[in-house]
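Enquirer: For reference, the sequence and a predicted model appear below.
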Amino acid sequence: MKTLIQKLDLDGYITQFEQFFARVKPVAMQGDVNQHYRHIKALSTVQFPEPKTVPTLDNPLARIGKQAVLGLEEIYAFVKMIMYFNTLKAIELPEPTASWIREIEVPDEVMEVVGYFDEKGEINTEIDPELFDIERAIKANKAAIKEGLYKLVHSSALRDYLVDSQIHFQNGEETILVRGGFNNVIKATVVGRSSGGHFYIIPQKIAALKERESELLSRREEVIYRYCQKISAVFYNWERFLRFINKEYDRFDHYQARVSFARAHDYEFILPGKRKGVKLTDFAHPAIDDPVPVTIELNRSVMLVTGVNAGGKTMLLKSILSAVYMSKYLLPFQCNAAGTEIGHYRQIEAVIDDPQSVKNDISTFAGRMVEFAKLFEKRDAIVGVDEIELGTDSDEAASLFRVMLEALRKRGITFIVTTHHKRLASLMGADEDVELVAALYDEAHRRPTYTFLQGSIGKSYAFETAERYGIPPHIVEKAKVIYGEDKENLNELIEKSTTLEREMRQKIRKLEEEAEALERKKRHLEETEEKLREAHRKALVTLENRYNAATKRAREALKAKESTEGRRLLNEAHKFKEQTKKKQPSEQEKIPLKEGDRIKYRSHRGELLAIRGENATILIDGMKMRVPLSQLKRSGELLKAIAPKRKTAQVNVEKSGASVSIKLLGMYGDEAIEKVDKFLSDALVNGLDEVQIIHGTGSGILARLVTEYLRGHPKIRKFYRMPGNLGVTIVEL
């Protein structure tokens, strides 16, 4: 990881970021990146207190598990973490961070330990009388030492031997600096000598006070050690909680460091997406002081960058890889967040430096081959390769790298490749999965622009670059003559042919997309027509149901009170319905269905087994059904409506144009009763005394329905079956 950071010139950026940590830790976060992103965005909306600096506590945690006694500073480090989370609970934090912090519950025994400490990290003397007395005695003793030294440096007896009137600290002791012969006027202990030959002394009176101070400090340490023993025992009981709080503190430290770093530099966070690809808008690499913002899109397996020397090709490669790295670990950077999208890659590799090694006896090209060989073990990675043909013949390398890149792309590896050689660009330029990018050159001002054009091959401008960096013009001109116009023309032809081929492929792709769009519209129109036909059918069914209900109510009214005029109007309504049914199919012709056709019935698809008159037997999901033929359509085709040939009852006309008999053979129940009702109405209007209803025997369903209907009719005297022919019912009116 450190090597990659250095290759991408991100070491300075990472160093700046690490300064925002409360304690040293790796930059990468473990866990769900989406959850981390939600917490970071939530914390970005509020102000929160800066966390306290805390050392790494892995060693103290290990010692707690062994029942060791921790030092006061180690204990206070845990206390600081707990106190910080208590402070966060008092702040109104946004979700989901608020819920996370509220769920951290500190055990009562541990909270009691927190109460032992004051703001300086010392044991609070107010909770222990013995410690309070010791602290007061230490303060009094220090005051006595200070006062005694002050009197000595201002005494007349010692005045002639004093070098100065200051108190000097020597080896942690408060001393006086005097000249030789001081022992004639004062008893003291020498603790050191100055460069001028003078003596640092501790007067005997002060030495007694020093011993008293040492005794008090020793007693104080004993009391503190007892507290450390007591607290360490509590910590042993709550070791798992301490490990948890230590881990959560690191987690929050990751969040707050990123938020604070982003605020300090006005950076943006980009959450890596599931789809592969990189889209940068106004991106600036953090290593560049005055960068030209980069706007580029990588949505193919290979990006081939060509163009001017010192024009930013390598920095473009590093910028794309750096953006992927920073996004992967939720590190903020400068960009237009609204127009920036970065995919997730499992690994990031940079083949940038010259791998030549004298120590390992390896050449530049051999080193490159070693690095490429490792890539065949990787998947789902993004790899940057700078100057891909480095170290060998460019034509041979072009063919070799083309094949290797094609093989590695199949392993889900995305490449950003820079090159100066047209051979590789011409070999790969025709591939639709290769994105060509040219570094642009300002020929008017003879300098690179550090901008890029996608879909093109760029010139190297080697001669112009050499002259710009101080090579004498006559040398450059002579080199141009040797290079020759033919070579230059050949390079231009390669660039133009590759560009034309790509443009042609883009036009073909556009035409294919337009054709697909038209096909989609056609299918949409067909589906719409099908839906309208279905809606029309349902509307007709609804109207027919309403008509049947209305005529039924009319018949019931006529049963209650017979009316010749009512019967006549009801018969006219029946005739009008028959005429409407004949006109319903809009007189469109259909391709007739035949047995064995695949058909569609409403929303189901099946097979047509048999056709009998205007009815059909179909098979849908293993179940046979008998349905009207008019409701069937050929599966997968839009057919014209079939004009249904409905069966009509055969009647024998006798007097006044009315029938004396009706055949119901092959009809459904509702249709048969409707026919019988109309038949009887006509017979009553025309004054017939006796009629015949021919329903056949069959399964007996029609006979039963006719019998039930006749029993409820108010104008029927009697009815009976014809002797010897149970398929006919005689009705006397």
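Expert: On my side now, so go ahead. Numbering: from 1, shown residues only.
Enquirer: What segments of the stretch 551-700 of the chain are helices?
Expert: Along the stretch 551-700 of the chain, the stretches classed as helices by DSSP state H, counting those that start in this stretch are 564-583, 669-685.
Enquirer: now do the stretch 251-400 of the chain
Expert: With DSSP H, counting those that start in this stretch as the criterion, the stretch 251-400 of the chain has helices spanning 313-328, 364-375, 394-409.
Enquirer: Would you format those helices as JSON lines with distance to Lys715 and mean neighbour count included?
Expert: Just so you know, the C-beta spots here come from the backbone N, C-alpha and C atoms, and that holds for glycine as well. As requested, the helices of the stretch 251-400 of the chain are arranged in JSON lines below (distance: least, CB to CB, whole Å; neighbours: other CB atoms under 10 Å):
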{"stretch": "helix 313-328", "distance to Lys715": "89", "mean neighbour count": "24"}
{"stretch": "helix 364-375", "distance to Lys715": "97", "mean neighbour count": "16"}
{"stretch": "helix 394-409", "distance to Lys715": "89", "mean neighbour count": "17"}
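Enquirer: Format those helices as JSON lines; extra columns: distance to Leu88 and mean pLDDT.
Expert: Listed next are the helices of the stretch 251-400 of the chain as JSON lines, based on distance: least, CB to CB, whole Å; pLDDT from 0 to 100:
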{"stretch": "helix 313-328", "distance to Leu88": "27", "mean pLDDT": "92"}
{"stretch": "helix 364-375", "distance to Leu88": "45", "mean pLDDT": "80"}
{"stretch": "helix 394-409", "distance to Leu88": "47", "mean pLDDT": "80"}
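Enquirer: If you average pLDDT over each of the helices of the stretch 551-700 of the chain, which is lowest?
Expert: Mean pLDDT is lowest for helix 564-583 among the helices of the stretch 551-700 of the chain, at a mean of 63.
Enquirer: Next up, the contacts around the spatially most central residue of the chain.
Expert: Nearest residue to the geometric centre of the chain (CA atoms, centre = their mean): Gly273, 4.4 Å. Taking CB atoms under 8 Å, 6 or more residues apart in numbering, we find Gly273 in contact with 341-344.
Enquirer: Considering these, which possesses the most neighbours?
Expert: Ile342 (26 neighbours; other CB atoms under 10 Å).
Enquirer: then stretch 108-124 to CSV, C-alphas only?
Expert: This file holds the C-alpha atoms of stretch 108-124, laid out as CSV (Å, rounded to 0.1, in the frame of the first residue of the first chain):
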residue,chain,number,x,y,z
ASP,A,108,-21.8,1.6,35.9
GLU,A,109,-18.5,0.2,37.4
VAL,A,110,-16.6,1.8,34.5
MET,A,111,-18.4,5.1,34.9
GLU,A,112,-17.4,5.0,38.6
VAL,A,113,-13.8,4.8,37.4
VAL,A,114,-14.3,7.8,35.2
GLY,A,115,-15.4,9.8,38.3
TYR,A,116,-12.0,9.2,40.0
PHE,A,117,-10.2,11.5,37.6
ASP,A,118,-10.0,15.3,37.3
GLU,A,119,-9.5,17.2,34.0
LYS,A,120,-5.7,16.9,34.2
GLY,A,121,-5.8,13.1,34.3
GLU,A,122,-4.9,12.9,38.0
ILE,A,123,-6.8,11.1,40.7
ASN,A,124,-9.3,13.7,42.2
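Enquirer: Now do it, average pLDDT.
Expert: Per-residue scores along stretch 108-124 average to 92.
Enquirer: again, but for stretch 624-634
Expert: On average, the pLDDT along stretch 624-634 is 83.
Enquirer: Pull out the buried positions in that stretch.
Expert: Residues of stretch 624-634 classed as buried: 629-634 (neighbour count, 16 or more other CB atoms under 10 Å).
Enquirer: now Leu532: how far from Ile167?
Expert: For Leu532, the distance to Ile167 equals 105 Å [CB to CB, to the nearest Å].
Enquirer: Which one of the two is surrounded by more residues?
Expert: Per other CB under 10 Å, whichever of Leu532 and Ile167 has more neighbours is Ile167, with 15 against 10.
Enquirer: got the residue ranges for the strands in the stretch 301-450 of the chain?
Expert: Using DSSP state E, counting those that start in this stretch, the strands of the stretch 301-450 of the chain run over residues 302-307, 341-342, 347-351, 381-385, 414-418, 434-442, 447-454.
Enquirer: quick one: strands adjacent to the shortest one?
Expert: For strand 341-342, sheet partners with direction are given as strand 278-283 (antiparallel), following DSSP bridges.
Enquirer: and what of the fifth one?
Expert: With DSSP bridges as the test, strand 414-418 is paired with strand 302-307 (parallel), strand 381-385 (parallel).
Enquirer: Quick check: pLDDT value at Ile362.
Expert: Each residue has a pLDDT score; the one for Ile362 is 57.
Enquirer: Use 2 as the first number from now on
Expert: That works, and once the first residue is 2, the last one we named lands at Ile363.
Enquirer: what's the closest of the strands of the stretch 302-451 of the chain to Arg213?
Expert: Closest approach to Arg213 among the strands of the stretch 302-451 of the chain (CB to CB): strand 348-352, 65.2 Å.
Enquirer: What helices and strands are in contact with that closest one?
Expert: Strand 348-352 is packed against helix 3-8, helix 314-329, helix 365-376, strand 382-386, with contacts defined by 3 or more CB pairs under 8 Å, 6 or more residues apart in numbering; DSSP states H and E.
Enquirer: Please give the element, helix or strand, for Val192.
Expert: According to DSSP states H and E, Val192 maps onto strand 189-194.
Enquirer: Give me the residues contacting the helix or strand just after that strand.
Expert: Heading C-terminal from strand 189-194, the first helix or strand you meet, by DSSP H and E, is strand 200-204. Strand 200-204 has contacts (CB under 8 Å, 6+ apart) with 149-150, 153, 169, 171, 174-181, 183, 187-195, 211.
Enquirer: in its sheet, what does strand 200-204 sit against?
Expert: strand 174-179 (antiparallel), strand 189-194 (antiparallel).
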